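>>> this one's sequence-less:
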């Protein structure tokens, strides 16, 4: 099974999520509103293949990390 990795740049009212495969090929990139259900629904097709999610944020990251666990 191909392993995938996600990165999230979290801002005050939006976030940018990117997903790459194990070879570094970009598979997905999208800017989203900071809505947990929207983020979860967006990541759902990749569930089970994502090895991890790296997040960059200077503040306000708690709600997303808690919600994605």
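That came through fine. Bear in mind that the values here come from a model prediction, so they are computed numbers and not experimental data.

>>> ok, the residue nearest to residue 4 when sequence neighbours are not counted - contacts?
Take residue 4 and drop its neighbours on the chain: the residue closest to it by C-beta to C-beta, 6 or more residues apart in numbering is residue 49, 4.6 Å away. To be clear about C-beta, it is placed using only N, CA and C from the backbone, and glycine gets the same treatment. By C-beta atoms under 8 Å, 6 or more residues apart in numbering, the contact set of residue 49 is 1, 2, 3, 4.

>>> switch to 10 Å and redo it
Contacts for residue 49 (C-beta atoms under 10 Å, 6 or more residues apart in numbering) come out as 1, 2, 3, 4, 5, 6, 19, 21, 27.

>>> again with residue 63
By C-beta under 10 Å, 6+ apart, the contact list for residue 63 reads 10, 34, 36, 39.

>>> Tell me how far the first one lies from residue 22.
Distance check for residue 10 against residue 22: by C-beta to C-beta, to the nearest Å, it reads 24 Å.

>>> likewise residue 4?
Computed as C-beta to C-beta, the residue 4 to residue 22 distance reads 8 Å.

>>> Have a look at those two and say which one is more surrounded.
Between residue 4 and residue 22, counting by other C-beta atoms under 10 Å, residue 4 is the more crowded of the two (19 against 10).

>>> before we move on, back to that, how about the contacts of residue 63 in TSV, adding secondary structure?
Shown next, in TSV, are these (DSSP: H, G, I helix; E, B strand; the rest coil):
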residue	secondary structure
10	strand
34	coil
36	helix
39	helix
